[in-house]
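**Q** quick check, what structure comes out for this input:
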Amino acid sequence: MVYKISEKKSSILLKNLLMSLNKIAFQFILLFICLSNGVAQEKFTLSGTVTDKRSNESLYGVNIIVTDLKTGATTNEYGFFSLSLPKGTYQIEISFLGYETISESIILDKNIRKNFSLSETTQQLKEVIVSERKLKSEIKKPEMSVNKLSIQEVKEMPVLLGEVDIVKSLLTLPGVSSAGEGQSGFNVRGGGADQNLILLDEATIYNSSHLFGLFSVFNPDAIKDLKLYKGGIPARYGGRLSSVLDIYQKEGNSNDFHMNGGIGLISSRLLAEGPLQKNKGSFLVAGRGTYAHLFLKLTDNNNSAYFYDLNTKLSYKINDNNNIYFSGYFGRDVFTLNNTFVNTYGNAVLNLRWNHLFSDKLFSNMSLIYSDYYYGLELDFIGFEWNSGIKNYNFRYDFKHYVTDKIKLTYGANAIYYTFNPGKIEPSRPDSGINSDQLDRKYAFESALYWDAEHQISDKISVSYGLRYSNFLRLGEQTLNVYENNQAVIFNPTFQIYESAEPIGTKYYGRNKTIAQFDNWEPRLGISYALNDRQSIKASYNRMSQYLHLISNTQSPTPLDVWAPSDSFLKPQILDQFALGYFQNFKEDAYSLEVETYYKKIQDRVDYIDGANLIANEAIERVVLNGRGRAYGLEILFRKNEGRFNGWLAYTLARTEQQVAGRTPEETGINNGDWYKTGFDKLHDLSCVGNYKLNEKWRFGANFSLQTGQPVTFPNGQYEYLGITIPNYTSRNDSRLPTYHRLDFSATLTPTKNKNRTWQAEWVFGIYNLYNRQNAASITFRQNDETARNEAIRLSIFGIVPSVTYNFKF
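**A** Just a heads-up that it's a prediction; the model follows:
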């Protein structure tokens, strides 16, 4: 008998057969992995969470070491860990910076869920001891180009005007610098400040500075942990080229109610935390603000500048497998001049997260995130108000899969919808004569899928490998210009300059219609080879894509700068980074040394034609040219981790350059098509941080910084034309400001009566720029009215600045 099978049924059978084969192949691969890693033995899983005993708050980065096997794990961002081990009895050691180490014997003959609580070494503020920082297992990890600072380390550093600053503390690390004193943002390995992904509880922070760079937006009292990735960036991060600064807020004390704060000369802060339900839920509220402007009101000075911010967090444990978190941040800066100029700007973020434990090996986190950056400007003497900003709505779903004790997987997806407001102008009074106008809003959608693996191949070799797929859609509604030959910038061969092209027409794109589309595969790779238990060599490679651009021609971001999405003219930036490093611990981890060298190349780095007008420019493509960049350098970090005196020495030798070549042989490009230094190139950068505990009453801290001056373009001559003196300039960024150096000092007094008291207090005395160095923020040139000679004028922002702060907690 012959059976006839229709084409449709045949395709279904073929599809089912292929699916079966795929399942068999997948199971075979899993079996191969299991056998190659010794899982043929009977294995069980030890999992759980580690918390602070006093506050019941989860601890991130705790080391769980199996001393018998010289293996272990670390807790994730939510305090969870998982270890798969052969059946047996093991001695487990749990250790973490600033906490007492505990050791416990565990009989592992079944899957065990066990939670641990750690006690702080002392309730008094004390010297920083970081001997747990580089355990043997840490040396062998493939993770490199990562810096971690505890909040206690940050608070030990001398600060400007008594305000502890997380971003400023990062500048003492190798590979991290700023465009100059009083400048906002920071630069990592030669990248622009807009190339840093700054996350607060997973929400994007678009401007990390208060008061134009004097302070950071992060209240140190509300921060639990921070981690800076400079290279070897895991695949779960994307959207920026240079670095990721990942910061998590405290969850709040679910055991007891506590408050702490500080009172300074120009600012104060206060934090309250306590249980919503004992041992299950907690809240945290922290506020901070400046009040120096209030004293100006007592005088005839009508100018003022101040900021305020608010941190909140709610945490609730539904059961052993489910936790929810709701966190937020709101900050504003206000700057006024004689009530005729008012500048308001700041960030606002919200995040709702759900942690779920599918099994003792599979942890998940789902997040719904809202981020907003607002900039407002009121010019009363002209009679108009201006506001702009960027908003995004972000969905993330991340999984952490502890496959075996040697293989850990991280995978997930995220999607972000952006709304850009380039600017809206409105009259501030009826008689201003200003008409309302809204520049076209811009919309975009960015999505990504990622997969990461950390694999311990042998006792000496560990690797991490991953892949991220990103997709970006530039969406309507917008009317765009059309240009001849699709060139919005043209070259004038007569004057040898670039000029804005005139549109030859327009094209309208409806709401959510695709204007441009980009996608990129972004591989990540890291490898570690352990020479022994104290030394290792590591290497890494990562590719990153950035679809957002900060439209700015200043050396550091300003609140007026506008974010713009990639399109057919603003191409996405692509980075490839290679790094190689040597790591060693000395004398039982009392000292540590990290030496890294790196090379970065960037495609489609944006630069601007001479005389570009960026403010309220609805056709920004008419002043933009795409170029390329490169950065390379050597970083050295030497730390003393233990004892009364501890600290670190960081040195960076680096070069950062950019090139915008001509598009045709006739075009000169920028700087004649030659490579030129970027505005944040620092050939030498040295930082020395030291902390000394004299006794239980006095602690001292010092910080010394030495940097090559910022690149600038100075005139090298002048000529007269029709009676007008015209300066002649050197090549772009061919000169430098004078060398920058500064010494800061602090002394902390902890009263002896603190002991056994509920009210704990300390006085912090600080001096910023101890020897009153007048570092140049800029140098301008002018003609002296009396002598008619040209002269250079140096502008310095800060001389010596003393401060005093009173900190308390109860």
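**Q** all strands of the stretch 251-400 of the chain, in order?
**A** 258-263, 267-277, 281-290, 304-319, 322-337, 341-357, 362-379, 384-402 (DSSP state E, counting those that start in this stretch).
**Q** that should have said the stretch 101-250 of the chain, apologies.
**A** Ranges of strands in the stretch 101-250 of the chain, per DSSP E, counting those that start in this stretch, are 102-108, 112-113, 116-118, 146-149, 176-177, 187-188, 196-200, 203-204, 209-210, 215-216, 223-229, 243-249.
**Q** swap in the stretch 651-800 of the chain?
**A** Using DSSP E, counting those that start in this stretch, strands in the stretch 651-800 of the chain cover 676-677, 684-693, 698-707, 711-712, 715-721, 724-729, 735-736, 740-749, 760-768, 778-783, 790-795.
**Q** pairing partners for the fourth one, with directions?
**A** Yep, that's strand 711-712 we're talking about. Using DSSP bridges, strand 711-712 pairs in its sheet with strand 735-736 (antiparallel).
**Q** avg pLDDT for the partner strand?
**A** Over the span of strand 735-736, the pLDDT mean works out to 91.
**Q** of all the strands of the stretch 101-250 of the chain, which lies closest to Y632?
**A** Smallest distance to Y632 across the strands of the stretch 101-250 of the chain (Cβ to Cβ): 13.7 Å, for strand 187-188. C-beta coordinates here come from the backbone N, C-alpha and C atoms, glycine included.
**Q** check which helices and strands that closest one sits against.
**A** If you count contacts as 3 or more Cβ pairs under 8 Å, 6 or more residues apart in numbering; DSSP states H and E, strand 187-188 packs onto strand 176-177.
**Q** contacts for the strand it packs on, please.
**A** 147, 170-171, 186-188, 228, 230, 652, 680, 682, 685, 707 (Cβ atoms under 8 Å, 6 or more residues apart in numbering).
**Q** whichever of those residues end up buried, select them in ChimeraX.
**A** Entered in ChimeraX, the line below selects the buried ones among the contacts of strand 176-177, by 16 or more other Cβ atoms under 10 Å:
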select :147,170,171,186,187,188,228,230,652,680,682,685,707
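**Q** returning to that earlier point: winner for burial among the strands of the stretch 251-400 of the chain?
**A** Compared across the strands of the stretch 251-400 of the chain, strand 281-290 shows the largest average neighbour count, a mean of 22 (mean count of other Cβ atoms under 10 Å).
**Q** quick one: the strands of the stretch 101-250 of the chain as CSV, columns for distance to W451 and mean pLDDT too.
**A** Below are the strands of the stretch 101-250 of the chain laid out as CSV (distance: least, Cβ to Cβ, whole Å; pLDDT from 0 to 100):
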stretch, distance to W451, mean pLDDT
strand 102-108, 30, 91
strand 112-113, 27, 91
strand 116-118, 30, 92
strand 146-149, 20, 89
strand 176-177, 29, 94
strand 187-188, 25, 94
strand 196-200, 19, 96
strand 203-204, 22, 96
strand 209-210, 35, 88
strand 215-216, 33, 88
strand 223-229, 18, 93
strand 243-249, 18, 95
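**Q** and the ones you listed, which is most packed in?
**A** strand 187-188 (a mean of 28).
**Q** show me what it is in contact with.
**A** Against strand 187-188 from outside (Cβ under 8 Å, 6+ apart): 175-179, 193, 195-196, 228, 230, 242-243, 680.
**Q** can you check stretch 530-541 too?
**A** With contact meaning Cβ under 8 Å, 6+ apart, stretch 530-541 is reached by 136, 139-140, 142, 144-145, 231-232, 459-462, 523-529, 576-586.
**Q** re earlier: which of the strands of the stretch 651-800 of the chain sits most buried?
**A** Most buried of the strands of the stretch 651-800 of the chain by mean neighbour count (mean count of other Cβ under 10 Å) is strand 676-677; its value is a mean of 22.
**Q** list the helices and strands that one packs on?
**A** Contact analysis of strand 676-677 by 3+ Cβ pairs under 8 Å, 6+ apart lists strand 645-659 as its packing neighbours.
**Q** any idea of the mean pLDDT in the strand it packs on?
**A** Strand 645-659 carries an average pLDDT of 95.
**Q** who does I527 form a beta bridge with?
**A** Beta bridges link I527 to V463, A539, judged by DSSP bridges.
**Q** what sits against it?
**A** Contacts for I527 (Cβ under 8 Å, 6+ apart) come out as 142, 461-464, 538-540.
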